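Q: pasting the sequence and the predicted coordinates here, then a few questions.
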Amino acid sequence: MEYIQELILFLLLLMFINLIQNLRTLKEQEKLKIRKPLSLISVLIPARNEERNIKNCVTSILESDYPNLEIIVLDDNSTDKTYKIVRKLCRLNKNLKIIKGKKLPQGWNGKNWACHQLSQVARGKWFLFTDADTIHAPQSISLAFAAAQDNNSSFVTYIPELITKTWAEKLYLPIIHFAFYVLIPFKLVNYSKNSHLAFGIGPFLLISKKIYLSLGGYEKIKADIVDDIALAKQVKKNDGKISVLNGTRIMKVRFYTCFKEIWNGFSKNEYEAIGNAPHYLVGIFFACHFLFIYPYLSLLVALTSNNSITLPLFQVLTISVIKIILSLRFHTSITYGLLHPFTIILALLILLNSFRLSFFKKKFEWKERYYPIE
């Protein structure tokens, strides 16, 4: 069994090296400078029952230092005060407008239909699809556009800074940083033409109008639940280049506010995010067990027996150092970060529930709408 322990440590060290390399890659973005001409960017915000978030989101974008913007909010048949709040802001800002969304057609995901409608009225050479629960720093758009210019990219996305307040958010949501910064090599994402090495993060998707139209827009992915990854894959299939940026201090988002929202929100898309593939599901369970749970169990057994603690201890220390670096770099809780095995167990339970919804229930409910899962 010692060779398995050695293999686990080797893979964990590779993840550590990948994290350091990714952080170096992201640090380069701080040197980016925007160049003229400054194309018109259409900021497109789909909003459904977002009265608690929409004012902060729109106000933050109105304070952008990018000088050539139009901002369009689509009220997606909200039953709260979303429309009234934005309408009031429109009276004070001539480059902001709100439109009413049309009835959801059969075969469309609600957000994708809203984004499609927004793209139909947008005038910009670039589209920025951003969520209503985001808060942008003044430089969020200009930095993303500078990255597009510098890297000749047609698609730019931020890994956002996370707003976490409840125990469930602090325990689970930092897995986003772990998944992207530790498990994914950014240079391959940025430079490889393989569509399997493509991802976007829904709160911030900046895409050139030219490639958006060439790939068929949201109509091409109208039924996809994980629209950000689906759109990124289409970009690569159409020879577009992707840039991934660090959104810390640039864009904040509070994805969910309690355990129930986390459970339901991630259950709706985790299984699709891995390609709706049962063999991937099995592989992920085995990999997560051996890499992120087994080391802690091995250390516990070693401490209560005569087994050597050397390899299990180094495994746990490697995971802990990774989590501490992530917590310090991205302003999340170190204490909850060190509870990594529990985060992984929760992630696997959510993935299993997502599989259950897909395989057995065949539909899920989100924002008062029911969607079939093929």
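A: Done, it's in. Numbers count the residues shown, from 1 in each chain.

Q: and the lengthiest strand in the chain, what's buried?
A: For the chain, the strand with the greatest residue count under DSSP state E is strand 242-253. Residues of strand 242-253 classed as buried: 242-248, 250-253 (neighbour count, 16 or more other Cβ atoms under 10 Å). All C-beta spots, glycine's among them, are computed from the backbone N, C-alpha and C.

Q: and it, C-alpha only, in PDB?
A: Output in PDB follows, covering the C-alpha atoms of strand 242-253 (Å, rounded to 0.1, in the frame of the first residue of the first chain):
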ATOM      1  CA  ILE A 242     -10.100  32.500 -23.800                       C
ATOM      2  CA  SER A 243      -8.600  34.600 -21.000                       C
ATOM      3  CA  VAL A 244      -9.100  33.700 -17.300                       C
ATOM      4  CA  LEU A 245      -8.600  36.500 -14.800                       C
ATOM      5  CA  ASN A 246      -8.400  36.800 -11.100                       C
ATOM      6  CA  GLY A 247     -11.400  38.700  -9.900                       C
ATOM      7  CA  THR A 248     -10.300  39.400  -6.300                       C
ATOM      8  CA  ARG A 249     -10.900  43.100  -5.500                       C
ATOM      9  CA  ILE A 250     -12.300  43.400  -9.000                       C
ATOM     10  CA  MET A 251     -15.700  41.700  -8.800                       C
ATOM     11  CA  LYS A 252     -17.600  40.200  -5.900                       C
ATOM     12  CA  VAL A 253     -20.500  37.800  -5.800                       C
END
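
Q: quick check: buried residues in the next helix-or-strand element following that strand?
A: Next along the chain after strand 242-253, taking DSSP states H and E as the criterion, comes helix 259-267. Neighbour-count burial for helix 259-267, counted by 16+ other Cβ under 10 Å, picks out 262-264, 266-267.

Q: I'd like to know which elements helix 259-267 is packed against.
A: Applying 3 or more Cβ pairs under 8 Å, 6 or more residues apart in numbering; DSSP states H and E, we find helix 259-267 packed against helix 167-172, helix 340-356, strand 363-366.

Q: go with 7 Å
A: helix 167-172, helix 340-356 (3 or more Cβ pairs under 7 Å, 6 or more residues apart in numbering; DSSP states H and E).

Q: those helices: which one's closest to residue 7?
A: Closest approach to residue 7 among the helices and strands packed on helix 259-267 is made by helix 340-356 (18.3 Å; Cβ to Cβ).

Q: pLDDT of that closest one, averaged?
A: Averaging pLDDT along helix 340-356 gives 94.

Q: could you dump the helices and strands packed on helix 259-267 to CSV with distance to residue 112 and mean neighbour count?
A: Formatted as CSV, the helices and strands packed on helix 259-267 follow (distance: least, Cβ to Cβ, whole Å; neighbours: other Cβ atoms under 10 Å):
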stretch, distance to residue 112, mean neighbour count
helix 167-172, 25, 19
helix 340-356, 19, 18
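
Q: so which residues of the stretch 51-200 of the chain form helices?
A: Ranges of helices in the stretch 51-200 of the chain, per DSSP state H, counting those that start in this stretch, are 54-62, 82-90, 110-121, 140-151, 167-172, 175-177, 183, 186-191.

Q: model confidence score at residue 362, please.
A: pLDDT, residue 362: 60.

Q: now swap in residue 365 and tell me
A: Listed pLDDT for residue 365 reads 58.

Q: compare the helices and strands packed on helix 259-267 and give me the one nearest residue 196.
A: Of all the helices and strands packed on helix 259-267, helix 340-356 sits nearest to residue 196, with 18.8 Å by Cβ to Cβ.

Q: I'd guessed residue 157 sits against residue 203; true?
A: No. Using Cβ atoms under 7 Å, residue 157 is not in contact with residue 203, being 8.7 Å away.

Q: residue 85 and residue 78: what is the separation?
A: In this view, residue 85 and residue 78 are 10 Å apart by Cβ to Cβ, to the nearest Å.

Q: before we move on, back to that, partners of the longest strand of the chain, with directions?
A: Using DSSP bridges, the strands paired with strand 242-253 are strand 134-136 (antiparallel), strand 155-162 (parallel).

Q: tell me, which of those is the model least confident about?
A: Looking at those, the lowest mean pLDDT belongs to strand 155-162 (a mean of 93).

Q: what does it rub up against?
A: The contact list for strand 155-162, computed with Cβ atoms under 7 Å, 6 or more residues apart in numbering, reads 144, 147-148, 173-174, 176-177, 180, 200-201, 203-207, 232, 235, 240, 242-253, 330-332.

Q: one more time with 6 Å, if that's ok
A: By Cβ atoms under 6 Å, 6 or more residues apart in numbering, the list of residues contacting strand 155-162 from outside reads 144, 147-148, 173, 180, 200-201, 203-207, 235, 240, 242-245, 247-248, 251-253.

Q: packing partners of the longest helix out of those in the chain?
A: Using DSSP state H to define each element, the chain has its longest helix at helix 2-27. Helix 2-27 makes packing contacts with helix 310-330 when contacts are defined by 3 or more Cβ pairs under 6 Å, 6 or more residues apart in numbering; DSSP states H and E.

Q: what about the helix it packs on, average pLDDT?
A: Helix 310-330 carries an average pLDDT of 95.
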